[in-house]
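[1] could you look at this predicted model? Sequence included:
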Amino acid sequence: MTVEIDGVLKEWGDRLFYTPIRPRGAKRTITRTTVAVSAHPKPRTPTGVRRQLTETIRKAPEVMVKISGGGKGMRQIGAHLDYISRNGKVTLENDAGEHVDGRAAVNDLKDEWTHGLYGIPMESRRREAFNIVLSMPPGTNRDAVTQAARRFAQSEFSANHHYVFAAHDDEKHPHVHLCVQAQGIDGTRLNPRKADLQRWREHFAEKLREQGVRANATPRTARGVSKCSKRQPAIHKTRRVRREASLLTTEQAPQRSQDNFSASQRAALTAYRQIAAGLARSPNNEDRRLALGIVDFVRQMPALRDRNSRAASRDTPVAEPALKPSTGHDRDR
């Protein structure tokens, strides 16, 4: 029975928490090597899935890792280094653990990157560096966030990419700015994709937990969050479309979908259903309590709650997902 349940956890946990990595063709660089391929995540163990599920339903703080931009040439990169160092007032730290203090030292760093191993031109058609932000919610220990970011960068990039980072304390969210050269020492170029960002989030969360900070890194769909933040151009476009639509008559206005529950959200519900059913059959009390916790968590997921609210406003009944496990052990809850 335990082996069967562990198999269910591994199979459906991978589907719930992992972003598939699509293969891509190799591209040659100046050293005749290839673009760095996305690293596959570590195999997820049943114990790891249980821990991830527990942190998820307890709503542990979610880490944020995003690419905020990148410099196409040293002119843009230099401006970003000035920004994250506050023109030399904030200390930068490089991949060798050395501190860069003061405006003169920042200028020396720019010269080093401009005339380094491969060199970075002042203007370029491609991205020569990636600006990465690592952040946690307000109230998180700032020193722990900085230490976790330092260890994350060392583990993820120091073997092949030069970088500098700066910890900022001028906002409520403790955060670190990390600037990583795209061209690797071995000639491969950094080319992060969605799966890499999720892996980076998990890696950063792991480093935070090593510092004693509760941290989780679940995909948006696993939390039932249906909306992501929009860029400013997208916001303006949406407003323009709404203004244009308001000019149409009711008969001319386009009809919106009655159910915008996405395929990925349905897939997440299916994964939760399979996991909860498997845990409900476990002889272990903790597993059965976890199954019931999953049921409660799913019923409170924003996407499902919003969907039911829309259905209620239309007086249309919506079937609840068949998640509740029949354990026969409710007294153990």
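    Great, that's in hand.

[2] list phi and psi for residue 67.
    Main-chain torsions, residue 67, degrees, to the nearest 10: phi -90, psi 110.

[3] which residues of this protein score low on pLDDT?
    For the chain, the stretches with pLDDT under 70 are 1, 19-43, 226-261, 303-333.

[4] in the stretch 101-250 of the chain, mark out all the helices, start to finish.
    For the stretch 101-250 of the chain, applying DSSP state H, counting those that start in this stretch gives helices covering 103-114, 142-157, 194-210, 232-246.

[5] and those helices as JSON lines, adding mean neighbour count?
    Every C-beta, even on glycine, is put in place using the N, C-alpha and C of the backbone. Formatted as JSON lines, those follow (neighbours: other CB atoms under 10 Å):
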{"stretch": "helix 103-114", "mean neighbour count": "16"}
{"stretch": "helix 142-157", "mean neighbour count": "20"}
{"stretch": "helix 194-210", "mean neighbour count": "20"}
{"stretch": "helix 232-246", "mean neighbour count": "10"}
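
[6] of all those, which lies closest to residue 10?
    Smallest distance to residue 10 across the helices of the stretch 101-250 of the chain (CB to CB): 16.1 Å, for helix 194-210.

[7] can you show me the strands along this structure?
    Taking DSSP state E as the criterion, the chain carries its strands at 64-69, 92-94, 99-100, 129-135, 163-168, 175-181.

[8] for these, give me TSV that also has mean neighbour count and distance to residue 50.
    Listed next are these as TSV, based on neighbours: other CB atoms under 10 Å; distance: least, CB to CB, whole Å:
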stretch	mean neighbour count	distance to residue 50
strand 64-69	15	24
strand 92-94	20	36
strand 99-100	16	41
strand 129-135	23	26
strand 163-168	21	33
strand 175-181	24	30
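
[9] of these, which is nearest residue 146?
    Minimum separation from residue 146 across those (CB to CB) falls at strand 163-168, 4.3 Å.

[10] centre of the chain to that closest one, how far?
    19 Å (CA atoms, centre = their mean, to the nearest Å).

[11] same deal with stretch 7-22?
    With CA atoms, centre = their mean, you get 16 Å for stretch 7-22.

[12] and that stretch, what's buried?
    Using 16 or more other CB atoms under 10 Å as the test for burial, stretch 7-22 gives 8, 9, 10, 11, 12, 13, 15, 16, 17, 18, 19, 21.
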